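Chemist: compute the structure for the input listed below.
(one chain, ligands or ions: 1)
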Amino acid sequence: MCGIVGYIGKRQAYPVLIKGLKRLEYRGYDSAGVALITESSGLQVYKTKGKVADLEKYTDGKDVTGTIGIAHTRWATHGEPNSTNAHPHISASGQLAIIHNGIIENYAVLKDQLMEKGVEFRSDTDTEVLVQLIDYIRTKKNVDLLTSVRMALRMVIGAYALAIIDKDNPDQIIAARQSSPLVVGIGDGEFFLGSDASPIVEYTDKVVYLDDQDIAVINRNSDHVEFVNVNNEKIDHEIKKINLNLSQIEKGGYPHFMLKEIFEQPQCLMDCMRGRVNVDLNNVVLSAVIDYRKELINARRFIIVACGTSWHAGLIGKQLIENFCQIPVEVEYASEFRYSNPVIDNRDVVIAISQSGETADTLAAVELAKKRGAFIFGICNAIGSSIPRATNTGSYIHVGPEIGVASTKAFTGQVTVLTMLSLAIAKARGTIENHEYETLVRELNAIPEKQKQLLDECNEKIHEIAKIFTYARNFLYLGRGYNYPVALEGALKLKEISYIHAEGYPAAEMKHGPIALIDEEMPVVVVATKNALYEKLMSNIQEIKARKGRVIAIVSKDDDKVRELADEYIELPKTLECLEPLLATIPLQLMAYYIAVAKGKDVDQPRNLAKSVTVE
Ligand code: G6P
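Modeler: Here you go, the predicted structure:
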């Protein structure tokens, strides 16, 4: 899951590449590097362990001129994150430089074969094998760069988005994609490359998203990019217009992207519901449900596949769809599903949920379900990414780019789409009463306003509560029904960015194990809103207090009992039980954020994680 950037054209490449890397740093930040063909010193490669800012320090005072270059920010898979293993990698002859996002699965075999032929390796990476192989073919067969890339890629098994330059040809970049994302930006006499469109957006809105097995040949003096496959067959690509503005990918005055994204949620959900939820007409319209009504309303079963936070959204989706549509739903970890032998056929609908639209396990789960005949519905954020392109239909969540590695606004966007989907299908199937549907439409539409109110009211208080609990080494999160996945999500947020161990549990399961952990040191976050299970949750809280645990309760505005028992409490505006996750998640996001900040952690780029997991 690394980030790759490339530039060729009339401006200096280095500033474009560095800015692009910063935009892509969410994809990995173990090391960073750049290769330029400079006017005075030829091919120059600078790379270092650490972040893009470290690379900038490292290049200080060095020659970074040149109008062609490629750059990389790394999330380590093969080989420890040090400067040697950082990209770009250079072939032994010093002729070619490559950057790569993905995994070459048969790299060990290829490496052995090349070593037998006398090729010497410097790094432990799978990527170096690629560049050595390409250069070996190029010199042995005396062919041009494109031909050697094509021949090498025919021998390679695995995933890649790559870009390669030749020291003696400052007028060409060759790029290729298999299973890892790659976008080419087409400017006026200049071309850009990126793992997504964010490094490109301020220069041009014209892009081409590469498909698997595409190779792009980018020549400086051409007015277009040529696309071929490994067999040298020409491929036509439509140029797409990107709809992304710069302010969406900058911090806008917030200290971290995560905080910005938490506060953006009311606006994001309005964007997500725009044109879909209409209170005046009292309806919810999703174009996918209109276009594929038959497939969706006649589904025998839904299977939701996802990872991480998206999987938590899926758990809420299960309850929504089962309650309103009366269709059974299973929720599977995509990573398990892809290697299982699922009994599915064309009566099943698989819903793939993914913020990035690139998660390798989710994509593989989609492919497997497709092979077995299921109809595939995608719920994604990144427009034009791999999962939406692999599905039969779907609904984007439209929450704008999410940069903070810990997912926040994408989660509430996913839950909003799942709510709209279940309402639209339930209405079409006649499994929901009119008055219930009307109330839901009205309440769903009111959620952004209630989120705003909640953010205003709870932000400072949570900031204070967070200071009290930075000492904790463990946290427990409890919830029931719709709020059980909220507890899981709250625990995940805390783990991801503050490195405090946290577990989410259905509250009633506490007595089967976690209760043994409770003592005066243990903070327990309980989502205890006033719904059908309120009294039961109160008993759970009493059990915690009896063992001297410290309770932070998320309560409804009209609560009168839990707040008396809790050490700290946060009030939520009233809403329907099934919509509570759209509110209750927010204080938990903020709490994780403020605890991590108080502990001095790198909130937007937590250690060992990456935003877009394009490897297994
Ligand atoms: C990574 C991210 C998580 C995300 C998960 C699934 O682990 O750090 O925030 O929930 O991948 O990603 P997706 O893009 O498929 O939603």
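Chemist: isn't Asp558 up against Lys574?
Modeler: Yes - with contacts defined as CB atoms under 8 Å, Asp558 counts as touching Lys574 at a distance of 6.7 Å. In short, each C-beta sits where N, CA and C put it, glycine included.
Chemist: list residues touching both of those two?
Modeler: Lys530 (CB atoms under 8 Å, 6 or more residues apart in numbering).
Chemist: the more surrounded of these two?
Modeler: Under the criterion of other CB atoms under 10 Å, the comparison of Asp558 against Lys574 puts Lys574 first, with 14 against 9.
Chemist: who touches the more buried one in this structure?
Modeler: In this structure, Lys574 makes contact with Lys530, Ser556, Lys557, Asp558, judged by CB under 8 Å, 6+ apart.
Chemist: ok, 6 Å please
Modeler: Applying CB atoms under 6 Å, 6 or more residues apart in numbering, we find Lys574 in contact with Ser556, Lys557.
Chemist: need the pLDDT of it.
Modeler: Here, the pLDDT recorded for Lys574 equals 96.
Chemist: got it, and the one 10 residues further on?
Modeler: Reading off the confidence values, Ala584 has pLDDT 98.
Chemist: which SS class is it?
Modeler: Using DSSP: H, G, I helix; E, B strand; the rest coil as the criterion, the local structure at Ala584 reads helix.
Chemist: ok, now which ones touch it?
Modeler: Going by CB under 6 Å, 6+ apart, Ala584 touches Asn483, Val486, Val527, Ile554.
Chemist: so Arg23 sits against Ser198, correct?
Modeler: Yes - look at Arg23 against Ser198 with CB atoms under 6 Å: they come within range, at 4.1 Å.
Chemist: picking that back up, in a markdown table, list the contacts of Ala584 along with distance to Asp236 and secondary structure.
Modeler: As requested, the contacts of Ala584 are exported to a markdown table (distance: CB to CB, whole Å; DSSP: H, G, I helix; E, B strand; the rest coil):
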| residue | distance to Asp236 | secondary structure |
| --- | --- | --- |
| Asn483 | 50 | helix |
| Val486 | 47 | helix |
| Val527 | 52 | strand |
| Ile554 | 53 | strand |
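Chemist: point me to the residue of the stretch 401-550 of the chain nearest the ligand.
Modeler: Ser407 (3.7 Å; CB to the nearest ligand atom).
Chemist: so how many other residues sit close to that residue?
Modeler: Residues near Ser407, counting by other CB under 10 Å, number 27.
Chemist: do the one 4 residues further on as well
Modeler: Counted by other CB under 10 Å, the residues lying close to Phe411 total 31.
Chemist: who in this structure is up against the ligand?
Modeler: 307-310, 354-356, 359, 362, 405-407, 609, 611, 613 (CB under 6 Å from any ligand atom).
Chemist: repeat that for 8 Å
Modeler: Proximity of the chain to the ligand is confined to 306-311, 334, 353-359, 362, 380-382, 387, 405-407, 410-411, 414, 496, 609-613 under the rule CB under 8 Å from any ligand atom.
Chemist: in the helix or strand encompassing Glu443, what's buried?
Modeler: Here Glu443, judged by DSSP states H and E, is contained in helix 434-468. With burial defined by 16 or more other CB atoms under 10 Å, the residues of helix 434-468 counted as buried are 437, 440-441, 443-445, 447-448, 450-451, 454-455, 457-459, 462, 465-466.
Chemist: elements contacting that helix?
Modeler: With contacts defined as 3 or more CB pairs under 6 Å, 6 or more residues apart in numbering; DSSP states H and E, the packing partners of helix 434-468 are helix 265-273, helix 409-429, helix 581-598.
Chemist: end-to-end on stretch 258-267?
Modeler: Terminal residues of stretch 258-267 lie 15 Å apart, using CA to CA, to the nearest Å.
Chemist: who touches it?
Modeler: Applying CB under 6 Å, 6+ apart, the contact partners of stretch 258-267 are 251-252, 254, 402, 404, 406, 408-409, 412, 448, 451-452, 589, 593, 603-604.
Chemist: what separation do you get for the residue nearest the centre of the chain and Asp348?
Modeler: Note on the chain: the residue nearest the mean C-alpha position is Ser356, at 3.7 Å, using CA atoms, centre = their mean. Ser356 sits at a distance of 24 Å from Asp348 (criterion: CB to CB, to the nearest Å).
Chemist: Val225 too?
Modeler: 39 Å.
Chemist: for Ile552, same thing?
Modeler: Shown here: Ile552 relative to Asp348, a distance of 40 Å by CB to CB.
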